[in-house]
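S.K.: 3D, please:
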Amino acid sequence: MADLRRTPLFSLHMSLGARMVAFAGWEMPVQYPMGVLNEHLHTRAHAGLFDVSHMGQVILRGPEVAQALEALVPADVAGLAEGRQRYGLFTTPEGGVLDDLMFANKGDHLYLVVNAACAEADIAHLRGLQARGIEVEVVTDRALLALQGPEAEAVLARLVPGVVAMKFMDVAEFDWAGVTLWVSRSGYTGEDGFEISVPKAQAEALARALLDQPEVAPIGLGARDSLRLEAGMPLYGHDMDAATTPGAAGLGWSIPKVRRLGGARAGGFPGAETVLAELVAGPARVRQGLRPEGRAPIREGVAIFDAPEGGVQIGTVCSGGFGPSVGAPVAMAILPAHQAPGDTVWAELRGKRLPARVSPLPFHQPGYRR
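M.R.: Okay, here's the model as predicted:
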């Protein structure tokens with residue numbers, strides 16, 4: 001893994017006994033000695049610390065910067081209050097999903113967090129805004145940590161008392177040990193928690209200070225994936241991609257009325273005609289949950305059929321595995337929209353078809369502090 005990038009916490013991961021893997025061009029911890037299942041359950045019950053420094057952090061500045069970003073993202077950026085953040089999508093000219101992202105209004109600039117696997121392409125995409133006078137600054141001197149779980153607030157408040165006042169999707173800056181932390185109350189697990197941008201030089205000190213708290217354990221990519229799957233959260237490149245529309249990905253909710261047909265700032269983003277027409281008509285296919293019968297997980301790539309024998313293939317599992325909090329296998333697939341919760345479909349696993357029940361998402365109810 002000599003060609004892989006390492007986060008500022010690499011040495012800490014090694015000292016904690018992490019098993020490292022290649023992920024999106026980075027050498028990242030997939031699990032620690034506790035194991036994926038116990039890491040998952042620990043996060044649901046207490047607090048887990050994730051290194052997400054591989055994600056891209058970007059600052060946008062300039063005249064009418066919110067309106068400029070709306071040219072790329074079908075979200076209400078201009079209406080976002082200072083100190084708040086939202087989820088959004090980059091779309092393709094054909095109406096597919098280029099990537100998903102978080103964007104925050106920090107007063108004199110916008111702060112974006114983009115996926116590691118797409119960071120270079122996303123940044124190149126954003127640089128197209130320079131023609132509109134927008135400054136695109138890639139943040140290279142900060143790490144990013146995520147503290148997730150029902151005890152995350154109590155833990156972080158010991159170091160940064162001001163976080164107690166934050167609500168879900170708030171963003172704020174706090175001083176800790178002489179440095180400024182950029183904190184959001186959000187995450188990717190379905191639990192309450194925080195994402196914390198910290199200068200690289202202080203990243204390990206902050207991580208150790210959090211891990212010193214009895215409620216906190218280090219958590220790797222394995223449990224991060226099972227946590228987000230239970231929470232019904234899509235992963236780019238699996239549950240959505242350039243060939244998947246926002247409606248099919250089940251992300252139409254992220255496009256507000258003001259950007260839809262008839263809205264004050266309708267359209268104006270790549271693929272708007274396709275995306276907005278589909279939202280009016282309703283997508284023909286949409287991402288849905290699956291609860292396989294029995295204990296055998298159905299994983300990404302498994303074909304879904306409309307009959308126990310013969311019939312036609314109606315979808316493919318895009319994310320799947322065992323849900324430790326649910327105590328059973330769970331999966332997601334993009335299926336015909338007429339399939340409703342409670343319907344039975346069949347997953348072809350090793351030459352046999354196993355019944356699976358269409359299920360509403362999420363599988364695990366979120367614990368956000370609204």
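S.K.: quick one, what contacts the closest residue to Ala243 other than its chain neighbours?
M.R.: Spatial nearest neighbour of Ala243, chain neighbours left out: Gly96 (5.4 Å); criterion: Cβ to Cβ, 6 or more residues apart in numbering. To be clear about C-beta, it is placed using only N, CA and C from the backbone, and glycine gets the same treatment. Going by Cβ atoms under 8 Å, 6 or more residues apart in numbering, Gly96 touches Asp241, Ala242, Ala243, Thr244, Thr245, Gly271.
S.K.: thought the fourth one was touching Val286?
M.R.: No. Thr244 sits out of contact with Val286 when judged by Cβ atoms under 8 Å, with a separation of 10.3 Å.
S.K.: what touches both of these two?
M.R.: Counting by Cβ under 8 Å, 6+ apart, the residues touching both Thr244 and Val286 are Ile334.
S.K.: so which bits of stretch 321-334 are buried?
M.R.: Neighbour-count burial for stretch 321-334, counted by 16 or more other Cβ atoms under 10 Å, picks out Gly321, Phe322, Gly323, Pro324, Ser325, Val326, Pro329, Val330, Ala331, Met332, Ala333, Ile334.
S.K.: can I get those in CSV including secondary structure, distance to Phe50 and pLDDT?
M.R.: Below are the buried residues of stretch 321-334 laid out as CSV (DSSP: H, G, I helix; E, B strand; the rest coil; distance: Cβ to Cβ, whole Å; pLDDT from 0 to 100):
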residue, secondary structure, distance to Phe50, pLDDT
Gly321, strand, 18, 97
Phe322, strand, 20, 97
Gly323, strand, 18, 97
Pro324, coil, 16, 97
Ser325, coil, 17, 97
Val326, coil, 21, 96
Pro329, strand, 24, 98
Val330, strand, 21, 98
Ala331, strand, 23, 98
Met332, strand, 21, 98
Ala333, strand, 26, 98
Ile334, strand, 27, 98
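S.K.: for these, which one is nearest Val21?
M.R.: Distance to Val21 across the buried residues of stretch 321-334 (Cβ to Cβ) is lowest for Gly321, with 16.0 Å.
S.K.: look up the closest residue to the closest one, ignoring the ones flanking it.
M.R.: In space, Gly321 is closest to Pro297, 5.1 Å off (Cβ to Cβ, 6+ apart).
S.K.: what of Gly162?
M.R.: Nearest one to Gly162, counting by Cβ to Cβ, 6+ apart, is Phe174 at 5.3 Å.
S.K.: tell me how far the biggest helix by length in the chain is from the chain's mean position?
M.R.: Longest helix in the chain, counting residues (DSSP state H): helix 200-211. How far helix 200-211 lies from its chain's middle: 23 Å, per Cα atoms, centre = their mean, to the nearest Å.
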